[in-house]
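**Student:** just a sequence and a predicted model for now, questions to come.
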Amino acid sequence: MDPVNGPYGAVKAGEGNWLGSLAGTTFADLYSGSDYAYYPLMNSANSAAKVFPANAYNSPSTEFLFLPNTWKVNEKISAAYVKADFSGESVRGDIGVRVVKTDVSSSGYSWTGDWVAASINMVGGYSLLADLVEPGRNGDWGVSYGALKHSYTDVLPNINLVFDVSADSLIRFSAARVMSRPDYVNIANQQSVNIPTRTGTRGNPFLDPVRANQFDIGYEWYFNPSSLIAFTFFHKDIQGSVLNSVTREMAFDEINNEQVEVTITEPKNGLGGRVQGVEVSYQQAFGDFGLITNYTYTDAKSEQERDAVNNPGSGLIAGNSRHMANLTGYFENDVFSARLSYNYRTEFFNGVGEFGNEVYTDAFGQLDASLTYNFSETISFVVEAVNLLDEDLYQYHIDKARPASLYKNGRRFTAGVNIRF
């Protein structure tokens, strides 16, 4: 029984039996106007008004905020420094100090429950849709926008000394306290959760910079013009290395409409570590030809206890390859120059990836070349080739059999003109 028109099949005066004329009829024909629609939602105007709020038409570019990735970091840096140069009969150098104050304000959104439903509800007029995404909230996801503030001050002294041992040899010494501020994404006031993988990440606005006391001492012997042999020992004492702390928390699974346990990874300052090693350099010219080579051995040790499960990245020093080497052969005169260089480094720890896994970069070598032709003292033509052997950059998770990413950068060629004024 049709509550409006009586028994099914009854035809209004002046109308035919529409069931018999459906051939070739589109769905649009059935809701094309209020005079012909038997049911309210078959009326295009009525159905649109119920499904979409008025402001969807009035403001079709309504902004939908991706709450987990909507954040802002303001960093204000104030610095003052003083420096003095000095020289004597067989020694010269400089000494100075830099004072740096950093003020950080990290702003972002916080909410309870499902962020998609919270974002929909923020648009206005979509409360019905928001309740469908996460029922039972009654339009309240507790969305708020706030800023967390953090400040720190560093005093950074440094000294550089050169001792002339003889007419063709010298000793260099330098020492300094240095600092490296955290990446913005690490201090963002934000949290992102991936329900299918049961993982998530959170920024830490109270993260301090990585600080270090470092020194190096080297011996250089210039045994011929444009020729050098050098040995350098370096040491760096690192404080507050950034590692990733793992906690287990509850998050809302909108697909299954339930709370589930997820693993949240958050950067924190750890204990630090030390990096030290030796560098050997050799350079010599043979007429217009020449050779430049360098080898570095680095030993790195973290003071943090190794716990790859609960604290990914702990016990490791990021960016450290045990062996690095480069070899360059060149030809150079007043008109033409050519260089062929090969750089190589062994595997190293990259950091913690998006899903809280440790990421390593495999050993990598690259062959580059450059050619320069000088038309005059001010104009030269340059051709450069990068990665001539078409090497790929491979990254993996702890085990080389577990790939993380593969970068196929290909060979790259550039040409240009340099003009010097």
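**Tutor:** Thanks, I have it. Numbering: from 1, shown residues only.
**Student:** quick check, residue 319 in a helix?
**Tutor:** No - read with DSSP: H, G, I helix; E, B strand; the rest coil, residue 319 is coil and lies in no helix.
**Student:** hmm, it is touching residue 359, no?
**Tutor:** No - with contacts counted by CB atoms under 8 Å, residue 319 stays clear of residue 359, the gap being 11.7 Å. Quick note: C-beta positions are derived from backbone N, CA and C, even for glycine.
**Student:** common neighbours of those two, please.
**Tutor:** Common contacts of residue 319 and residue 359 (CB atoms under 8 Å, 6 or more residues apart in numbering): 349, 350.
**Student:** those two: which is more packed in?
**Tutor:** Under the neighbour definition other CB atoms under 10 Å, residue 319 and residue 359 were set side by side, and residue 359 has more, 20 against 12.
**Student:** what helix or strand is the more buried one on?
**Tutor:** If you go by DSSP states H and E, residue 359 is part of strand 358-361.
**Student:** who does the helix or strand that that strand is followed by touch, helix- and strand-wise?
**Tutor:** Next along the chain after strand 358-361, taking DSSP H and E as the criterion, comes strand 364-374. The contact analysis (3 or more CB pairs under 8 Å, 6 or more residues apart in numbering; DSSP states H and E) places strand 364-374 against strand 336-345, strand 379-386.
**Student:** and the next element down the chain from the last one?
**Tutor:** Okay, so that is strand 379-386. Downstream of strand 379-386, the first helix or strand assigned by DSSP H and E is strand 393-397.
**Student:** so what strands line up beside that following strand?
**Tutor:** When pairing is defined by DSSP bridges, strand 393-397 lines up against strand 358-361 (antiparallel), strand 399-407 (antiparallel).
**Student:** pick the most deeply packed of those.
**Tutor:** strand 358-361 (a mean of 20; mean count of other CB atoms under 10 Å).
**Student:** CSV for the strands paired with strand 393-397, including mean pLDDT?
**Tutor:** Putting those into CSV (pLDDT from 0 to 100) gives the following:
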stretch, mean pLDDT
strand 358-361, 90
strand 399-407, 88
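**Student:** okay, those in TSV with distance to residue 74 next?
**Tutor:** Converted to TSV, those look like this (distance: least, CB to CB, whole Å):
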stretch	distance to residue 74
strand 358-361	29
strand 399-407	32
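**Student:** please identify the helix or strand for the nearest residue to residue 204 once chain neighbours are set aside.
**Tutor:** Excluding its sequence neighbours, the residue lying closest to residue 204 (CB to CB, 6 or more residues apart in numbering) is residue 267, at 5.1 Å. Residue 267 is part of strand 258-269 when elements are defined by DSSP H and E.
**Student:** which secondary structure elements does that strand contact?
**Tutor:** Judged by 3+ CB pairs under 8 Å, 6+ apart, strand 258-269 is in contact with strand 191-194, strand 199-202, strand 242-253.
**Student:** show me where pLDDT drops low in this protein?
**Tutor:** Applying pLDDT under 70 to the chain flags residues 1-62, 254, 354-356.
**Student:** next helix or strand past the strand holding residue 267?
**Tutor:** Downstream of strand 258-269, the first helix or strand assigned by DSSP H and E is strand 272-286.
**Student:** in that next one, what's buried?
**Tutor:** Residues of strand 272-286 classed as buried: 272, 273, 274, 275, 276, 277, 279, 281, 283, 284, 285 (neighbour count, 16 or more other CB atoms under 10 Å).
**Student:** no further questions, thank you.
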